[in-house]
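Student: Sharing a sequence plus its predicted fold:
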Amino acid sequence: VPGSHLWTRNGGLPLPITADDFADMDSIQDILSEEEKSAWREVPMRLKKGEAVFHHPLSVHGSYGNNSSRPRRVAVVNYFADGTQTTTSRPLLDGVPSFNEGDKLDGQFFPLVFHPQWKLK
């Protein structure tokens, strides 16, 4: 939903997750203001093999269930600034070691991929 990354709550916090399992794609509508509802415009991204889509992490986005007999395969890569801290002590992803709230995200699963002082060739 273009522009939805700018929608905030409580003094600038991002929109809350409205369904912990992300199964209810329409639950977001329950928390939107009338202005946000009127600006709501879904833009389908139909990708072919090998294609990718990039979007702001706070953009409202999602995918309805896979009704085909074939698996839906995806890869998700999240980039964030060095020094980003977690706001939860819950596991961030299955199979990834937990952090304590306030810890810097780093290590094997959160590598530094760019530093401004590194020389680009």
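Tutor: Yep, it's here.
Student: Helices along this structure, start to end?
Tutor: Here the chain has its helices, by DSSP state H, at 34-39.
Student: Partner strands of the worst-scoring helix or strand of the chain on mean pLDDT, with direction?
Tutor: Lowest on mean pLDDT, DSSP states H and E among the helices and strands of the chain sits strand 13-14, with a mean of 88. Looking at strand 13-14 with DSSP bridges, its partner strands are strand 8-9 (antiparallel).
Student: for the chain, what are the low-confidence residue spans?
Tutor: 21, 121 (pLDDT under 70).
Student: center of it - which residue?
Tutor: Of all residues in the chain, the one closest to the mean position by Cα atoms, centre = their mean is P57, 4.1 Å from it.
Student: Now that one: closest residue in space, sequence neighbours ignored.
Tutor: Closest residue to P57 apart from its sequence neighbours, by Cβ to Cβ, 6 or more residues apart in numbering: N78 at 6.6 Å. Where C-beta positions appear, they are placed from N, C-alpha and C, glycine not excepted.
Student: I'd guessed the one you found sits against H56; true?
Tutor: No: taking contacts as Cβ atoms under 8 Å, N78 lies outside contact range of H56: 11.4 Å.
Student: that older thread, and the residue nearest to the centre of the chain, what does it touch?
Tutor: P57 is in contact with 5, 78, 80, counting by Cβ atoms under 8 Å, 6 or more residues apart in numbering.
Student: Please produce CSV containing the residues you listed, extended by neighbour count.
Tutor: Below are these laid out as CSV (neighbours: other Cβ atoms under 10 Å):
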residue, neighbour count
H5, 16
N78, 10
F80, 9
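Student: Any chance of CSV for those residues, columns distance to F110?
Tutor: As requested, the contacts of P57 are exported to CSV (distance: Cβ to Cβ, whole Å):
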residue, distance to F110
H5, 22
N78, 9
F80, 8
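Student: quick one: which of those residues is nearest to G95?
Tutor: N78 (15.2 Å; Cβ to Cβ).
Student: Could you check how far the closest one is from L120?
Tutor: Distance of N78 to L120, computed by Cβ to Cβ, to the nearest Å: 22 Å.
Student: before we move on, what about S68?
Tutor: 42 Å.
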